[in-house]
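> Please work out how this folds:
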Amino acid sequence: MKGIVMTRIDDRLIHGQVMTSWLNYTCANKIMIIDDEVEQDNFVKSVLKTCVPANVMLAVFNVEDAAVRLKKGFKDSDRVIILVKFPETLLRLKQLGVTLDKINVGGMGALESRKKFFKNISCSELEKNIFRELISEGSKISIQIIAEDNAVDIARLL
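Numbering: from 1, shown residues only. Take a look at the predicted model:
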């Protein structure tokens with residue numbers, strides 16, 4: 001999609017690696033967080049806004065509103081990083097008619113349902129199946145913590 005410079009799964013959303021490495025690498029001027037819970041939490045949204053440089057706009061959407069916004073498209077000058085916490089969010093977007101060509105996995109921490117997948121990335125069987133489905137629909141998914149790292153194709157790990 002035009003204007004999207006990165007789509008990243010990272011359960012931490014905005015943190016040092018996103019701010020220092022990926023913002024510089026992508027020259028992004030907008031960050032779009034897509035998460036139903038965060039969209040409803042005014043405190044978390046206000047904290048996230050303090051973590052973003054003044055020259056970068058931040059918007060938080062629930063999945064349905066994000067699908068509408070993404071279908072609308074962006075201006076030529078927009079360089080947007082999309083951040084989601086979970087692979088399921090991207091599957092829901094796909095079901096709403098939004099296909100994202102490239103997906104970066106940057107942080108999926110340990111949860112009860114997850115097992116170690118690759119280095120510090122943990123993944124449940126359901127999330128592996130979501131990755132498989134997204135890949136079969138045409139998305140290229142790779143693990144790349146920071147821009148300077150080599151990307152690892154998730155399809156090879158499944």
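> can you give me the strands for the chain?
Chain-ordered strands for the chain, with DSSP state E as the definition, fall at 4-10, 30-34, 57-61, 80-84, 102-107, 115-118, 121-123, 140-143, 152-153.
> tell me the angle the longest helix anywhere in the chain makes with strand 102-107.
Using DSSP state H, we find that the single longest helix of the chain is helix 125-136. For helix 125-136 against strand 102-107, the angle by axes from the mean of the first three to the mean of the last three CA atoms, to 10 degrees is 160 degrees.
> For helix 125-136, name the packing helices and strands.
Judged by 3 or more CB pairs under 8 Å, 6 or more residues apart in numbering; DSSP states H and E, helix 125-136 is in contact with helix 87-95, strand 140-143. Where C-beta positions appear, they are placed from N, C-alpha and C, glycine not excepted.
> can you redo those as a markdown table with mean neighbour count and distance to residue 71?
Shown next, in a markdown table, are the helices and strands packed on helix 125-136 (neighbours: other CB atoms under 10 Å; distance: least, CB to CB, whole Å):
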| stretch | mean neighbour count | distance to residue 71 |
| --- | --- | --- |
| helix 87-95 | 19 | 10 |
| strand 140-143 | 20 | 21 |
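> helices and strands of the chain: which one has the lowest mean pLDDT?
helix 16-17 (a mean of 82; mean pLDDT, DSSP states H and E).
> and the gap between the residue in the chain sticking out farthest from the centre and residue 124?
The C-alpha centroid of the chain is most remote from residue 112, which lies 21.6 Å away (CA atoms, centre = their mean). Per CB to CB, to the nearest Å, residue 112 is found 9 Å from residue 124.
> cool, and residue 152?
Taking CB to CB, one finds residue 152 at 19 Å from residue 124.
> for residue 89, same thing?
To residue 124, residue 89 is 14 Å away according to CB to CB.
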